[in-house]
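Novice: Have a look at this fold, sequence not included:
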């Protein structure tokens, strides 16, 4: 199965479709990630706060897949903004890896106002060749611009909640202006988008699932997506996105589904 990729601003290639493990219990993570790897996923997204890095690591070790064929992402939690290097080392130990492909500041946590310290720590890791790319998650334009104003490394990725009901146009515009790839977490709005009549009608016409239609909508706009499922058939379906295209009318119809559909915390208010 062919997986499209995007090229990050430092030249690193990142698969455009990855497997997310948010809210997957550690005991179930190994089986879920193993199913994803068997289906053909080569990008896995976890985080220290998810408590399942060990399960991800066990699945990777058991897969027999060469490390260079995998793209592994984890994230720095808010309480570790001033100890990013130590937190990175702890994540590596839990994952059983000697390096990461992408390390993200999980939230700006603006009430704590330590995310610039966190970014400095990530730059140290990147400069030392210990991680292939660094980025941020849940950063609003004002947070992104403060990081860019440091004059150092520009984030490669900004991973944010993004789906048809919350399209984050201001964040996407800020990312684009800085050459930052936008990555969508909760790309299906935790399933809320799967029953939208607009989506189901397009899916029926194309002989595809509603999830495939929404994920294809993301891909055709250049975003990275990390759908999550523990159901093997859905894990396979969510990766099968390259045998069809949405028309401009389809894309416009899905664009019109935007509303105040946020399913996660607001980055301006969440401090962890």
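Specialist: Sure, I can see it. Please read all numbers here as calculations on a predicted model, not as lab measurements.

Novice: and the residue lying farthest from the centre of the chain, what helix or strand is that in?
Specialist: The C-alpha centroid of the chain is most remote from residue 205, which lies 28.9 Å away (Cα atoms, centre = their mean). For residue 205, the host element (DSSP states H and E) is helix 197-206.

Novice: where does the residue farthest from the centre of the chain land on pLDDT?
Specialist: pLDDT, residue 205: 98.

Novice: Distance of it relative to residue 223?
Specialist: 23 Å (Cβ to Cβ, to the nearest Å). Just so you know, the C-beta spots here come from the backbone N, C-alpha and C atoms, and that holds for glycine as well.

Novice: Which parts of the protein are helices?
Specialist: 26-39, 53-63, 84-95, 115-127, 141-148, 169-178, 197-206, 210-219, 232-237, 248-255 (DSSP state H).

Novice: Same list (those helices) but as TSV, adding distance to residue 102.
Specialist: Formatted as TSV, the helices of the chain follow (distance: least, Cβ to Cβ, whole Å):
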stretch	distance to residue 102
helix 26-39	16
helix 53-63	14
helix 84-95	12
helix 115-127	10
helix 141-148	16
helix 169-178	15
helix 197-206	29
helix 210-219	18
helix 232-237	21
helix 248-255	27
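
Novice: what's the most buried one of those?
Specialist: helix 210-219 (a mean of 24; mean count of other Cβ atoms under 10 Å).

Novice: picking up where we left off before, measure how the helix holding residue 205 sits relative to helix 210-219, angle-wise.
Specialist: Interaxial angle, helix 197-206 versus helix 210-219 (axes from the mean of the first three to the mean of the last three Cα atoms, to 10 degrees): 100 degrees.

Novice: Going forward, the N-terminal residue is numbered 25.
Specialist: Got it, first residue is 25 now, which makes that one helix 221-230.

Novice: so what does helix 221-230 touch, helix or strand wise?
Specialist: Applying 3 or more Cβ pairs under 8 Å, 6 or more residues apart in numbering; DSSP states H and E, we find helix 221-230 packed against helix 234-243, helix 272-279.

Novice: Output the ones you listed as TSV; include the columns distance to residue 136.
Specialist: As requested, the helices and strands packed on helix 221-230 are exported to TSV (distance: least, Cβ to Cβ, whole Å):
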stretch	distance to residue 136
helix 234-243	31
helix 272-279	35
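
Novice: Let me have the ones you listed in TSV, extended by mean pLDDT and distance to residue 102.
Specialist: Shown next, in TSV, are the helices and strands packed on helix 221-230 (pLDDT from 0 to 100; distance: least, Cβ to Cβ, whole Å):
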stretch	mean pLDDT	distance to residue 102
helix 234-243	98	27
helix 272-279	98	33
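
Novice: Alright, calling it a day.
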